[in-house]
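J.: I would like to see how this sequence folds:
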Amino acid sequence: MRRVVVTGVGMVTPCGATTESSWGAITKGESGVRPIAAFDPVDHASKIAGECLDFDPLTYIEKKRLREAGRFIHLAIGATEQAIRAAGFEPNDEAKERVGVYYGVGLCALANIEEQHQRLVDRGPRRISPYFIVSTISNMAPGQISMRYGFKGANFTTTSACSSGAHAIGEAVQAIRYGQLDAAIAGGSEACITPLGIAGFTAMRALSKRNDEPERASRPFDKGRDGFVMAEGSASVVLEEREAALERGAPILAEVLGYGATSDAFHLTQPAPEGEGAQRAMRAALKDGNIELARVGYVNAHATSTPTGDLQELQALRHVLGVNSGAWISATKSVTGHLLGAAGGLEAALTILSLQTGIVPPTMNLEDPMDETIGLDIVANEAREKQLDVAMSNSFGFGGTNVTLAFGRA
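T.: Alright, predicted model coming up:
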């Protein structure tokens, strides 16, 4: 089985429009959560979100082509362009036939759907945009990336709620391991901060209503948490077969060691008791990479800041890691908000950068830690430095879907 390495990372987040600005803000604990700017949220119970306010799609896309793609595709192209540049990834035409694009998307272009529905109601069916469908469907994120760069290997979307981006990376890794591809672009994108998106999650009682303190609203593992903060953004990684990457002198940021994917088979939205499915995902990733538990120095937790989700993940971490294990744990959603289908891609990228730099981002707003954090080393309110050997990233989603990715230091 072939080995797979990461040679490039790109991201667009509420904390910054580039990898460098995002990483800098996240490690400093600078929140990207603000009052919603995309629309007037006056009638909504939750009025805050993590928006990519600094992102300009014209940096990457011709103005006349913007309407061909929804915002989630614009974000995906922005993150991918950054990742490819960072990797110096320029395969020739023959090699492009073995480069795939695996991209996770949760809800696709809600803004397009809302806009075109209103146009249908107000002006009739003949006024619907001819680009409506192609700008909206989820698979056009990898499709547009594939066409932009001429990558002719498999390209498709993984849609598994908040595990979507992590599934995309895991499945791309498998394709390279088993010789179906030699390289891939993988990650996730999401852009659904719209009236319908906010109202839908509010109706589920999933969102924080700490509107007066946006930057303090996302508070994973804190007793005062009251729901997650919706966010948008994208993250991409360049994955390559290790020997080929070494041969071309690529900058190797980390190696992908393990991929674990499980299902709770339990409930629409609630995790299985004790995070049983999450436990199996973490153990599966360790087994897949033949990783001794003592090597794990850091876990980027899914930790959305919801009452039940955080509790079950902490219980799962206690079962898998044990208490006083020496592994550090942090929840970066405390500053980025929850990117939904893009979360797994972003948090994998952040985990990779932690391995590369030795900097572990903090869990902000942790003022009154849950009792279940006792015996677990939560990186609270300030980043730390540590040379890591192995780090893991957790992603869990509605429908009981669980993914853990394990990365090793280059």
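
J.: where exactly do the helices run in the stretch 201-350 of the chain?
T.: Taking DSSP state H, counting those that start in this stretch to define them, one finds helices in the stretch 201-350 of the chain at 242-247, 276-288, 307-321, 333-336, 343-357.

J.: so what secondary structure elements neighbour the helix or strand just after the last one?
T.: This points to helix 343-357. Using DSSP states H and E, the helix or strand that directly follows helix 343-357 along the chain is strand 359-360. When contacts are defined as 3 or more CB pairs under 8 Å, 6 or more residues apart in numbering; DSSP states H and E, strand 359-360 packs onto strand 384-385. Just so you know, the C-beta spots here come from the backbone N, C-alpha and C atoms, and that holds for glycine as well.

J.: which residues are in contact with stretch 143-156?
T.: 68-69, 73, 76-77, 80, 84, 93, 96-103, 139, 142, 175, 180-181, 184-185 (CB atoms under 8 Å, 6 or more residues apart in numbering).

J.: Among the helices of the stretch 201-350 of the chain, show me which one is buried the most.
T.: Mean neighbour count (mean count of other CB atoms under 10 Å) peaks for helix 333-336 among the helices of the stretch 201-350 of the chain, with a mean of 30.

J.: Could I get the helices of the stretch 201-350 of the chain in JSON lines, plus columns for distance to G124 and mean pLDDT?
T.: Below are the helices of the stretch 201-350 of the chain laid out as JSON lines (distance: least, CB to CB, whole Å; pLDDT from 0 to 100):
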{"stretch": "helix 242-247", "distance to G124": "54", "mean pLDDT": "98"}
{"stretch": "helix 276-288", "distance to G124": "47", "mean pLDDT": "98"}
{"stretch": "helix 307-321", "distance to G124": "43", "mean pLDDT": "97"}
{"stretch": "helix 333-336", "distance to G124": "41", "mean pLDDT": "98"}
{"stretch": "helix 343-357", "distance to G124": "38", "mean pLDDT": "98"}
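
J.: Which one, of those, ends up nearest to G297?
T.: Closest to G297 of those is helix 343-357 (CB to CB; 9.0 Å).

J.: Extract the C-alpha trace of the closest one and format it as PDB.
T.: Extracted C-alpha coordinates of helix 343-357, given in PDB (Å, rounded to 0.1, in the frame of the first residue of the first chain):
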ATOM      1  CA  ALA A 343     -15.400  21.900   8.900                       C
ATOM      2  CA  GLY A 344     -13.600  18.600   8.400                       C
ATOM      3  CA  GLY A 345     -11.400  20.100   5.600                       C
ATOM      4  CA  LEU A 346     -10.500  23.200   7.600                       C
ATOM      5  CA  GLU A 347      -9.700  21.300  10.800                       C
ATOM      6  CA  ALA A 348      -7.600  18.700   9.000                       C
ATOM      7  CA  ALA A 349      -5.700  21.600   7.400                       C
ATOM      8  CA  LEU A 350      -5.200  23.200  10.900                       C
ATOM      9  CA  THR A 351      -4.000  19.900  12.300                       C
ATOM     10  CA  ILE A 352      -1.500  19.600   9.500                       C
ATOM     11  CA  LEU A 353      -0.200  23.100  10.200                       C
ATOM     12  CA  SER A 354       0.100  22.300  13.900                       C
ATOM     13  CA  LEU A 355       2.300  19.300  13.000                       C
ATOM     14  CA  GLN A 356       4.400  21.500  10.600                       C
ATOM     15  CA  THR A 357       4.900  24.500  12.900                       C
END
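
J.: Could you give the separation of that helix from the chain centroid?
T.: What separates the centre of helix 343-357 from the centre of its chain is 9 Å, taken as CA atoms, centre = their mean, to the nearest Å.

J.: hang on, D226 packs against N211?
T.: No: using CB atoms under 8 Å, D226 is not in contact with N211; the gap is 10.9 Å.

J.: so what's in contact with those two at the same time?
T.: Counting by CB under 8 Å, 6+ apart, the residues touching both D226 and N211 are A217.

J.: Can you pull up the most central residue in this structure?
T.: Central residue of the chain (CA atoms, centre = their mean): A343, 2.3 Å from the mean position.

J.: ok, and the closest non-adjacent residue to that one?
T.: C162 (5.2 Å; CB to CB, 6 or more residues apart in numbering).

J.: Confirm for me that the one you found is in contact with L340.
T.: Yes: taking CB under 8 Å as the definition, C162 is a contact partner of L340 at 5.7 Å.

J.: what do these two both touch?
T.: In contact with both C162 and L340: G106, using CB under 8 Å, 6+ apart.

J.: sorry, back to before: ok, the residue nearest to A343 - contacts?
T.: Going by CB under 8 Å, 6+ apart, the list of residues near C162 reads G106, H302, T304, H338, L340, G341, A343, G344, S395, F396, G397, F398.

J.: Tell me what the residue lying closest to S22 once chain neighbours are set aside is bridged to.
T.: Closest residue to S22 apart from its sequence neighbours, by CB to CB, 6+ apart: G16 at 3.8 Å. With DSSP bridges as the criterion, G16 is bridged to T13.

J.: burial of the nearest residue to S31 once chain neighbours are set aside, as a residue count?
T.: Closest residue in space to S31, ignoring its immediate chain neighbours: E215 at 3.9 Å, by CB to CB, 6+ apart. The number of residues packed near E215 is 18, by other CB atoms under 10 Å.

J.: E215 reaches A25, doesn't it?
T.: No: the criterion here is CB under 8 Å, and E215 misses it with A25 at 11.6 Å.

J.: Quickly list the domain ranges of this structure.
T.: Following automatic domain parsing, one gets these domains for the chain: 4-247, 258-409.

J.: Now that we have the contacts of C162, which of them are buried?
T.: When the contacts of C162 are checked for burial by 16 or more other CB atoms under 10 Å, the buried set is G106, H302, T304, H338, L340, G341, A343, G344, S395, F396, G397, F398.

J.: Tell me the spacing between the first one and A87.
T.: Pointing back at G106 there. 26 Å (CB to CB, to the nearest Å).

J.: what's the answer for the last one, then?
T.: Applying CB to CB, the value for F398 to A87 is 33 Å.

J.: The fifth one now?
T.: Shown here: L340 relative to A87, a distance of 26 Å by CB to CB.
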